[in-house]
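how would this look folded up:
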Amino acid sequence: MEGSEHPLPLTTVYHRLQPIEVSPLTFLQAIFGHECPVGVLDEEKVLPLGKNISAIGICNFKNGIPEIKSCEDLPYSLTEMTKDQVVVDLADKTKILFWSGIVISLLSLGALSYCFFSRYQLASKVLGCFSYYKRRAMLFFAEKVRKLLNAWEVRGVILLSLLLQIVLVIFGSQRKYTRRFWVMFLVWSAYLTADWVATVALGNLANSQRDDSKDHSSKPDNLLQAFWTPILLVHLGGPDTITSYALEDNELWLRHFNGLVVQIGVAYYVFFVSWSNTALMFVAIPMFIIGIIKYGEKTLVLRSSSNQHYKDSLSSTPDLCAEFINYIDNETIIPKDGIDPEDHYLVQAYFLFKKLEFLFAGRVLGNFERGNIYSVIEKKSAGDAFELVAVQFGFLYDMLYTKATIVYSRLGIFFRCMSLFSYVVALVIFSIIIDVHGFFHIDIFITYLLLAGAVVVEVYAFIILFSSDWTKLWLIKLKTSQHNLISRTLINHLWKFVSCSHSLLTNRKRWSRSMGQYNMLSACIKDVQATGMGGVVQKIPFISKLLEYRHWTWDNVNIDFQKVIFDYLKEKGNHLIKDENLLTDSFFKSRNELLATRGTYALEKFFPSNNRLGWSITEVEYDHSLVIWHIATDLCYHGDLDDVQGDANKLDPKCKISKCLSYYMLYLLVFCPSMLPKGNSEIRYVHTFDEAKRFFKPRFSKERGRIQASTGRRLLLEDARVNQPSLELVKDKLSVLQDGCKLAMELQNVEVESQNVESFEHNYNKWEIISHVWMEILSYAAHECGWREHGQQLRKGGELLTHVCLLMAHFGLSKQYVNLFLL
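A predicted model of the protein is given here:
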């Protein structure tokens with residue numbers, strides 16, 4: 001292309017430069033005149049890929065990127081040729097290669113066709129024999145499988161139903177205080193499968209009894225299997241430790257009621273068809289009644305825990321708990337005399353729980369309730385306050401997800417005593433009185449297993465009953481109300497037994513005491529560093545979403561962390577109460593303004609005259625601000641960590657707190673977005689993550705992935721400093737990577753400026769600002785999250801944000817406190 005005035009590369013030719021070798025598709029495109037790119041094997045030879053090429057160039061690869069040179073840089077032998085000569089020469093070679101490929105393909109296809117048709121008859125005979133023996137084998141195995149299923153279907157399904165009930169009994173309550181994935185998955189799968197398996201077992205029993213009635217015969221094994229029917233009804237009723245897996249299950253109580261009617265009808269049919277005047281059938285009658293009661297209990301609990309019925313069940317005013325509490329000056333409360341000091345926390349937690357019920361139902365409380373609650377919480381330490389909150393959520397969990405409303409009533413205790421007595425009597429009678437010689441040994445074994453399993457489950461239910469906080473409250477109430485010496489003596493002995501069992505059999509943890517941690521830049525760098533099959537798998541959309549969980553870690557909410565949060569909320573609550581008259585409109589206005597802050601209050605405290613960082617909060621949405629501060633906090637943290645040679649113990653304690661809060665809030669943004677205020681959080685995060693990957697990928701590829709994570713962050717800040725003039729805040733931009741870098745640089749400038757002030761220690765001012773901002777971001781999210789969403793987290797080990805929300809309410813930082821005199 002000597003003398004060409006067109007600059008190279010020409011986009012119509014070279015931007016489509018993909019293949020390096022000739023392919024049949026490019027030959028076909030060349031024949032029909034399609035404009036295709038050239039393909040270069042080396043710097044000496046250009047292979048033809050199309051006849052309508054408009055330029056000739058040479059391709060080199062630097063860092064994996066093709067580079068096209070003009071004709072002046074080509075070898076002398078090519079530059080001597082004119083453009084027309086080259087085009088004609090390349091077109092002729094393309095046609096020759098193309099038609100040669102067509103001819104060779106046709107010859108090969110003809111040879112294969114001849115071989116196939118010449119051997120067709122032999123192949124048909126071989127395939128016919130194979131099909132015949134295949135059908136014989138399938139019929140043989142199908143008959144074997146059918147007989148095996150007929151013999152073991154009912155037995156296998158009912159054993160599986162018993163196994164699922166045991167799983168739910170043991171692990172159903174553990175999800176209140178654990179975040180282990182295998183426990184959550186086990187409970188989820190067992191809960192979804194248990195009802196279905198028990199229903200299938202009932203249907204199989206019904207079919208078995210129907211076939212037996214058609215033959216006008218009564219097989220012994222069918223009679224014993226009909227004895228299992230009441231136990232299946234108990235399985236459908238479920239254990240006391242779990243009635244619903246999620247809050248949505250409570251809303252489906254009507255569908256569960258329909259299932260109750262149908263399943264009891266099926267059970268009655270099985271029982272009626274198989275009835276005979278034998279001791280076995282008479283023993284099954286009380287068990288049948290217990291099964292109906294258990295199944296009905298579950299339906300009733302689901303109904304009472306549904307959203308609307310839960311609200312309707314509340315009275316017009318919260319329970320005053322007069323049996324436990326004495327009121328002083330109509331505001332301060334103290335436990336009644338006679339209650340041991342070590343049990344004061346339980347009484348106070350129950351009193352606060354009665355107020356929490358109103359908050360959870362969306363009801364409002366007055367200034368009287370606010371004063372009562374504040375008189376309890378203000379005297380507590382951080383650890384005691386978090387423990388008090390955990391006990392309250394334990395009560396709420398029992399109300400929403402278990403049979404607590406029935407179990408801890410007099411009628412519920414009577415039913416459990418009757419249930420245990422019925423199973424024990426049935427087990428004894430079956431072992432001693434019933435003649436089992438006419439039954440199959442496997443059916444006898446299964447019957448023993450079902451009855452023993454039922455007894456063990458009931459005994460375990462009694463253990464849970466005696467070791468619960470509800471039972472301790474009931475005994476405290478009896479101790480304070482009984483004045484008879486004999487009654488008090490009996491209650492004291494029972495109290496010692498319950499206290500001993502409570503300390504031995506219950507887990508000391510009332511919630512998981514953990515918070516999720518997710519670091520965007522670390523996750524991005526690890527993805528970029530992935531090579532081989534790991535890098536290929538990450539490109540699959542569904543798999544890439546699941547792989548995000550690899551970077552999800554946990555950190556303990558220790559006492560130091562609790563103290564920082566508690567002191568911050570207590571300071572805000574005290575400031576609000578002391579500065580305002582509680583019955584004036586200005587109080588509620590100040591409270592609402594305080595609840596609406598998500599970082600501005602902290603920044604105005606440190607920059608009263610010139611809020612130099614306000615753009616990162618006031619000018620953007622909540623999720624935008626959260627990601628900006630997460631990036632900035634992460635860059636500042638690792639910068640300070642490099643300054644102390646990686647020794648985290650030398651860092652400011654507020655630095656560690658800020659880092660944990662930053663990682664926790666991004667964890668909520670990515671994995672629990674429903675708990676945060678509505679916005680474009682997912683889209684914004686994805687765009688920021690992709691931009692960070694585009695930044696790190698060429699730098700890590702150049703060094704073959706050997707760059708450390710801290711080095712990658714330093715490169716990001718250095719690049720931001722070089723391009724600082726272009727780092728302007730763009731409100732409608734989805735990626736906020738540059739904004740985060742800009743904020744990090746400004747925060748580091750604050751550190752430099754603080755060194756010139758004698759009253760500031762090194763890094764003190766910077767991390768003081770960051771920690772206060774994160775506290776406001778956390779408290780804003782806690783208050784804005786709905787109580788129903790908080791309730792969902794109770795079945796996942798509890799969430800720190802949920803505990804912060806209730807602590808805020810205890811300090812009066814909630815819009816659900818109103819002036820009832822104005823209503």
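
any idea how far residue 261 is from residue 661?
For residue 661, the distance to residue 261 equals 51 Å [Cβ to Cβ, to the nearest Å]. Placement of C-beta: from N, CA and C, glycine included.

more neighbours, those two?
Counted by other Cβ atoms under 10 Å, residue 661 and residue 261 do not tie: residue 661 has more neighbours, with 25 against 10.

can you tell me the element that one falls in?
If you go by DSSP states H and E, residue 661 is part of helix 653-671.

buried ones in that helix?
654-670 (16 or more other Cβ atoms under 10 Å).

what's the answer for stretch 323-336, then?
324-325, 333, 335-336.

next step: these restricted to strands.
Among these, the ones falling in strands (DSSP state E) are 325, 333, 335.

I'd like the next helix or strand past the helix holding residue 661.
For helix 653-671, the following helix or strand on the C-terminal side (DSSP H and E) is helix 681-702.

what packs against that next one?
In this structure, helix 681-702 makes packing contacts with helix 520-529, helix 622-643, helix 653-671, helix 709-722, helix 737-754, judged by 3 or more Cβ pairs under 8 Å, 6 or more residues apart in numbering; DSSP states H and E.

pLDDT averaged over that helix - what is it?
Helix 681-702 shows a mean pLDDT of 82.

got the contact list for it?
Outside of helix 681-702, the residues within contact range by Cβ atoms under 8 Å, 6 or more residues apart in numbering are 63-64, 520-521, 523-525, 527-529, 623-624, 626-627, 631, 669-670, 673, 707, 712, 715-716, 719, 734-737, 740.

just the buried subset of those residues, please.
By 16+ other Cβ under 10 Å, the contacts of helix 681-702 give 520-521, 523-525, 527-529, 623-624, 626-627, 631, 669-670, 707, 712, 716, 735-737, 740 as buried.

point out where the stretch 201-350 of the chain drops to low pLDDT.
210-221 (pLDDT under 70).

ranges for the helices of it?
Counting by DSSP state H, counting those that start in this stretch, the stretch 201-350 of the chain has helices at residues 220-226, 229-237, 247-251, 253-273, 279-305, 307-313, 344-360.

mind listing what's buried along stretch 783-792?
For stretch 783-792, by 16+ other Cβ under 10 Å, it's 783-785, 787, 789-792.

what's the answer for stretch 562-582, then?
Neighbour-count burial for stretch 562-582 [16+ other Cβ under 10 Å]: 562, 564-566, 568-570, 572-573, 576-577, 580.

can I see the domain layout of the protein?
Residue ranges for the domains of the chain, per automatic domain parsing: 11-116, 135-311, 469-505, 515-555+613-775.

now the first one: average pLDDT?
What that stands for is domain 11-116. Domain 11-116 comes out at a mean pLDDT of 44.

verify the stated contact: residue 188 with residue 245.
Yes: under the criterion of Cβ atoms under 8 Å, residue 188 makes contact with residue 245 at 6.4 Å.

who has more neighbours, the two?
When neighbours are counted by other Cβ under 10 Å, residue 188 and residue 245 differ, and residue 245 comes out ahead with 18 against 14.

for the more buried one, which non-adjacent residue is closest in space?
Counting by Cβ to Cβ, 6 or more residues apart in numbering, the nearest residue to residue 245 once its immediate chain neighbours are dropped is residue 191, at 4.6 Å.

three-state assignment of the one you found?
Classification of residue 191 using DSSP: H, G, I helix; E, B strand; the rest coil returns helix.

could you report the separation of it from residue 242?
Relative to residue 242, and taking Cβ to Cβ, residue 191 is found at 7 Å.

between these two, what contacts are shared?
168, 172.

more neighbours, the two?
Taking other Cβ under 10 Å, residue 191 and residue 242 do not tie; residue 242 has more neighbours (24 against 20).

quick check: phi and psi at the more buried one.
phi -160, psi 120 (degrees, to the nearest 10).

OK, contacts around the closest residue to it other than its chain neighbours?
Once flanking residues are discounted, residue 242 sits nearest to residue 172: 3.4 Å by Cβ to Cβ, 6+ apart. Listed by Cβ under 8 Å, 6+ apart, the contact set of residue 172 reads 187, 191, 239, 241-242, 402.

how much space between residue 172 and residue 327?
38 Å.

then residue 528?
Per Cβ to Cβ, residue 528 is found 63 Å from residue 327.

thinking again about what came up before, let me know the angle separating the helix holding residue 661 from helix 681-702.
110 degrees (axes from the mean of the first three to the mean of the last three Cα atoms, to 10 degrees).

give me the mean pLDDT for helix 653-671.
Helix 653-671 carries an average pLDDT of 94.

that helix packs against which elements?
Helix 653-671 is packed against strand 514-517, strand 553-556, helix 559-579, helix 622-643, helix 681-702, helix 764-784, with contacts defined by 3+ Cβ pairs under 8 Å, 6+ apart.

which helices and strands does the third one pack with?
With contacts taken as 3+ Cβ pairs under 8 Å, 6+ apart, helix 559-579 sits against helix 382-401, helix 585-596, helix 653-671, helix 764-784, helix 800-810.

the last one too?
Packed against helix 764-784 by the contact rule (3+ Cβ pairs under 8 Å, 6+ apart) you find helix 559-579, helix 585-596, helix 600-606, helix 622-643, helix 653-671, helix 737-754, helix 800-810.

closest one to residue 479 among those helices?
Residue 479 sits nearest to helix 800-810 of all those, at 27.3 Å, using Cβ to Cβ.

CA atoms of the closest one as CSV?
What follows is helix 800-810, C-alpha atoms only, in CSV (Å, rounded to 0.1, in the frame of the first residue of the first chain):
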residue,chain,number,x,y,z
LEU,A,800,-26.0,-7.6,64.0
LEU,A,801,-28.1,-5.0,62.2
THR,A,802,-31.2,-6.5,63.8
HIS,A,803,-29.7,-6.2,67.3
VAL,A,804,-28.6,-2.6,66.6
CYS,A,805,-32.2,-1.7,65.5
LEU,A,806,-33.7,-2.9,68.8
LEU,A,807,-31.0,-1.2,70.8
MET,A,808,-31.8,2.0,69.0
ALA,A,809,-35.5,1.5,69.9
HIS,A,810,-34.6,1.0,73.6
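
just checking, what packs against it?
Helices and strands touching helix 800-810, by 3+ Cβ pairs under 8 Å, 6+ apart, are helix 344-360, helix 367-377, helix 382-401, helix 559-579, helix 764-784, helix 787-793.

got the contact list for the residue lying closest to residue 510 once chain neighbours are set aside?
Counting by Cβ to Cβ, 6+ apart, residue 510 lies nearest to residue 390, which is 3.8 Å off, once chain neighbours are set aside. Neighbour list for residue 390: 510-511, 798, 803 [criterion: Cβ under 8 Å, 6+ apart].

can you tell me which of the helices and strands packed on helix 559-579 is packed in deepest?
Mean neighbour count (mean count of other Cβ atoms under 10 Å) peaks for helix 800-810 among the helices and strands packed on helix 559-579, with a mean of 24.

what angle separates that one from helix 344-360?
90 degrees.

what sits up against helix 800-810?
Contacts of helix 800-810 (Cβ under 8 Å, 6+ apart): 352, 356, 359, 373-374, 376-377, 385-386, 389-390, 392-393, 511, 515, 557, 565-566, 569, 573, 664, 668, 675, 778-779, 781-783, 785, 787, 790, 793-794, 814, 816.

which among the helices and strands packed on helix 559-579 is found nearest to residue 417?
Closest approach to residue 417 among the helices and strands packed on helix 559-579 is made by helix 382-401 (20.3 Å; Cβ to Cβ).
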